[in-house]
Structure formats: structure tokens, C-alpha cells
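Peer 1: below: sequence and its predicted model.
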Amino acid sequence: MRLPGDIAELEELARPVLLALWQAMFDAPAPRMLSQPFLRRFIAFEMQSRRHGGLPRAVTAALGKGTDAKPKASSPALKPGGRLLREWNGVTHVVDVTEQGFAWNGTNYRSLSAIAREITGAHWSGPRFFGLSGKAAQ
């Protein structure tokens, strides 16, 4: 299928013709449920990109450096000997940071979330409960 010579010509094309044009341009069928206006805009963008050489090299390089990895949540490093305090329902809870994890009420725990669950009876993010991240830190 031949590409229209001008982007304005896309306005006159019916949906079946737009779908065929998409198939010819991308060598794949168009995603289902795309509206005709969206098909026209996307095809117009691709036509312009092919005609004028695509994105600038710097933009392409920046996009190529992107990663799929999620950024790690930043929270302060807890060092052994540190102490966390949290008041819950009028009771102040003290958690000591140890080499193995955390100590609360004479019991060792591997995570703050386990302690937060013991205190509240509900699932909590331990760092958030103790004010190390999330809304509580703000």
C-alpha cells in the first residue's frame, strides 16, 4: 500500500483503509479499539518521522539509556545500635536495630513490617509505620 503524499489526505480515509495503512507501515496489525482520530494522528506522526529523519540522536540515545528496573525506595540506612520510636494507641513502642535485624519486646524480628503487624494487628509497611518512608516521613 502506498503512503499518502500529504498528511491532510489522512482525513479522508475510512477506518479499513487506515487499518491497512497501519499494517503496511508497522508490519503488524493495529491494536484493537483504536479510534479513527487516534489512528490518523499516529500514522501522521510516523509519516512525519520517516520524512524528516525521526527523533534527534540525543533523544534516541537518552531513551536507549532508560531501564525497566524500578528505582529503589530511598530510606535512611539503619545501623546496629539505632533505635526507632513509635507511639500507637497511647503506647510508645521502642525498636532496637541489631546485627540480625530488629528487637522489640524482647523478641528478635527480621523485618520492621513483622513488628508493625504485631503492634497494629494489620498489615503495614514497617518502614512507613516507623516514619522512614511514605506519607509518614513527610
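Peer 2: Now that the structure is in, tell me what you want to look at. Numbering: from 1, shown residues only.
Peer 1: what average pLDDT does the host helix or strand of A20 get?
Peer 2: Using DSSP states H and E, A20 maps to helix 15-26. If you average the pLDDT over helix 15-26, you get 92.
Peer 1: ok, stretch 48-57 next?
Peer 2: Average pLDDT, stretch 48-57: 84.
Peer 1: what comes up buried for the longest helix that the chain contains?
Peer 2: Looking across the chain with DSSP state H, the single longest helix is helix 36-52. The neighbour-count check on helix 36-52 (16 or more other Cβ atoms under 10 Å) flags L39, R40, F42, I43, A44, E46, M47 as buried. Where C-beta positions appear, they are placed from N, C-alpha and C, glycine not excepted.
Peer 1: okay if I get those as JSON lines plus distance to Q100?
Peer 2: Supplementary listing: the buried residues of helix 36-52 in JSON lines, determined by distance: Cβ to Cβ, whole Å:
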{"residue": "L39", "distance to Q100": "59"}
{"residue": "R40", "distance to Q100": "62"}
{"residue": "F42", "distance to Q100": "55"}
{"residue": "I43", "distance to Q100": "60"}
{"residue": "A44", "distance to Q100": "61"}
{"residue": "E46", "distance to Q100": "57"}
{"residue": "M47", "distance to Q100": "62"}
